[in-house]
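In: Okay, structure incoming, though there's no sequence with it:
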């Protein structure tokens with residue numbers, strides 16, 4: 001892998017190949033069409049404790065400003081160093097923004113021995129969508145074939161558009177990182193477990209089939225873990241237009257952050273070709289982007305929120321032992337409060 005190829009050069013190569021990098025943001029619905037709802041994912045690279053490079057004092061405000069520019073209503077997030085940095089961003093976004101955060105995921109620095117969190121969760125605009133339930137998928141195995149898996153336990157959340165009633169289940173993941181056969185096997189085991197879990201939901205005739213899997217997959221198209229994840233057609237990873245040519249991380253020329261949908265959601269509410277890598281600021285300067293934001297780029301997709309096309313379907317209730325309660329942001333400068 002060429003870890004040093006500049007992002008703008010990769011974009012130029014895409015142009016020469018007959019494609020263009022995704023633009024930010026995009027109008028993906030026609031005038032008069034159903035209201036658009038945008039869902040995204042973003043690995044925020046050690047948010048709250050990154051020291052190399054250190055973020056500036058106004059980083060939370062700038063990250064919040066960029067989230068507003070993305071136009072996302074629900075954002076899956078990864079590598080969050082506990083609730084405080086996420087609370088700070090939610091407060092900058094406004095008092096109607098809320099979040100949930102899983103409890104798992106730690107990182108120990110080799111140089112200092114300091115241990116910090118890299119948890120996954122969701123951030124959303126509560127004025128647009130309501131959270132019906134959220135849970136850390138604590139029933140997932142932590143060992144498969146005697147191999148440690150799911151260092152970061154996935155988080156599941158069910159949302160409903162407040163005006164139109166469009167509802168869906170979103171799961172955010174941060175799969176095993178690293179190259180080499182051992183890490184690839186761990187990712188494959190995690191992907192297989194996820195596919196089996198989604199397949200179990202699908203086999204329940206009463207279960208709502210509008211589901212998404214968002215996050216840092218730490219692998220790309222064609223890898224073995226991708227085959228495990230999409231086995232049987234339970235999930236389809238979005239691969240519109242430039243998906244295979246536009247990087248989602250500064251270190252590699254291929255995407256590793258993805259959005260996968262159930263076939264029903266992809267053929268139904270998903271707005272065709274709306275998958276987007278939001279790379280405009282990183283194209284201008286990858287160094288400036290990394291200093292404030294992350295070594296990853298946000299990815300989003302747009303959906304038509306024209307009511308609920310399966311009103312009799314339901315979502316399996318969250319396990320009370322692993323339920324996550326939402327935290328509503330307070331005005332900037334104040335403390336957070338429960339909704």
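Out: Received it, and whenever you're ready, just let me know what you need. All values derive from a computational prediction rather than experimental measurement.
In: show me what contacts residue 124?
Out: 73, 74, 75, 97, 98, 99, 131, 159 (C-beta atoms under 8 Å, 6 or more residues apart in numbering). For every residue, glycine as well, the C-beta is placed using N, CA and C.
In: tell me which residues form a beta bridge with it?
Out: residue 74, residue 98 (DSSP bridges).
In: What separation is there between it and residue 96?
Out: 10 Å (C-beta to C-beta, to the nearest Å).
In: Assign the closest residue to residue 294 other than its chain neighbours to helix, strand or coil.
Out: Spatially, and ignoring its direct neighbours in sequence, residue 294 is nearest to residue 45 (4.0 Å; C-beta to C-beta, 6 or more residues apart in numbering). Secondary structure assignment for residue 45 (DSSP: H, G, I helix; E, B strand; the rest coil): strand.
In: what's near enough to touch residue 45?
Out: Shown in contact with residue 45 (C-beta under 8 Å, 6+ apart): 79, 293, 294, 295, 296.
In: For these, which entry has the maximal number of neighbours?
Out: residue 79 (26 neighbours; other C-beta atoms under 10 Å).
In: Could you find the closest non-adjacent residue to residue 164?
Out: residue 305 (4.3 Å).
In: Could you give the number of residues near residue 174?
Out: Counted with other C-beta under 10 Å, residue 174 comes out at 29.
In: With residue 103 instead?
Out: Residue 103 has 14 nearby residues by other C-beta under 10 Å.
In: Verify the contact between it and residue 120 for me.
Out: No. Residue 103 is beyond contact range of residue 120, at 10.2 Å (criterion: C-beta atoms under 8 Å).
In: coming back round to it: for residue 235, see how far away the residue nearest to residue 294 is.
Out: 26 Å.
In: distance between stretch 224-233 and the chain's centre?
Out: Taking the mean of its C-alpha atoms, stretch 224-233 sits 18 Å from the chain's own mean (C-alpha atoms, centre = their mean, to the nearest Å).
In: Please apply the same query to stretch 269-280.
Out: Using C-alpha atoms, centre = their mean, the offset of stretch 269-280 from its chain centre is 13 Å.
In: For the closest residue to residue 135 other than its chain neighbours, pull up the helix or strand it's in.
Out: Nearest residue to residue 135 in three dimensions, chain neighbours excluded: residue 318, at 3.7 Å (C-beta to C-beta, 6+ apart). Under DSSP states H and E, no helix or strand contains residue 318.
In: mind listing what the closest residue to residue 308 other than its chain neighbours touches?
Out: Of all residues not flanking residue 308 in the chain, residue 165 sits nearest, at 4.3 Å (C-beta to C-beta, 6+ apart). Residues near residue 165 by C-beta under 8 Å, 6+ apart: 307, 308, 311.
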